[in-house]
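Colleague: next input, structure requested:
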Amino acid sequence: MTERIKEIKQPRGGYLPLRNFTVTDMDEIGEVTSPENIRANLVGIAVDYLTRFTTYGDPFSAFEISLHGAHLIQDETTALNLLRHLDGLTDDSIRAACQLVGYDVVYRADPSWYKPVQDINPDQNTINNIRKMVQRIKQVSTDVIGYKA
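Modeller: Residues are numbered from 1 along each chain as shown. Next up, the predicted model:
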């Protein structure tokens, strides 16, 4: 998608005028730093699913695709054990989420792309970045659309 966007020429002033937007200061949450030690797609999915989980409180719904993937390779026991570690934005919860999203590739792509989820071990910088990104999304949802997550 990023490559395709680079090919598109925007009209002068862009598609949406900047005056239609407001700036939301995220300094109190802290800066997201790099590099992360797991693939960016796993980080993105973990942020998405953790945001859903911490907003709505239903881990089965938030990690539904991951659980389907685990089912396809008959590894539900491990997936459900990881699901039990989800308890908000603690280090252990974020680590479990990163491992759980490793099952997504089985469902979304092909089981041959699967790598054992036990090999997904986010370092402290990655865990901190994921926590900050989830907090930022929740902050924006509160500030911009008035939804208290």
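Colleague: now E76: closest residue in space that isn't a chain neighbour?
Modeller: Nearest non-adjacent residue to E76, counting by C-beta to C-beta, 6 or more residues apart in numbering: A70, 5.3 Å away. Where C-beta positions appear, they are placed from N, C-alpha and C, glycine not excepted.
Colleague: I'd say that neighbour and E64 touch.
Modeller: No. A70 is beyond contact range of E64, at 10.8 Å (criterion: C-beta atoms under 8 Å).
Colleague: who's more crowded, these two?
Modeller: The residue with more neighbours, out of A70 and E64, is A70; 26 against 14, by other C-beta atoms under 10 Å.
Colleague: whatever helix or strand that one lives in packs against which elements?
Modeller: Per DSSP states H and E: A70 is located in helix 64-72. Contact here means 3 or more C-beta pairs under 8 Å, 6 or more residues apart in numbering; DSSP states H and E; on that basis helix 64-72 packs against helix 76-84, helix 104-108.
Colleague: these: which one's closest to N128?
Modeller: helix 76-84 (19.9 Å; C-beta to C-beta).
Colleague: please enumerate residues in contact with the helix or strand that comes right after the closest one?
Modeller: Sequence order places helix 91-100 as the next helix or strand after helix 76-84, per DSSP H and E. Here helix 91-100 makes contact (C-beta atoms under 8 Å, 6 or more residues apart in numbering) with 38, 42-43, 46, 49-50, 53, 63, 66, 79, 82-83, 85-87, 117-118, 120-122, 124, 126-127, 130-131.
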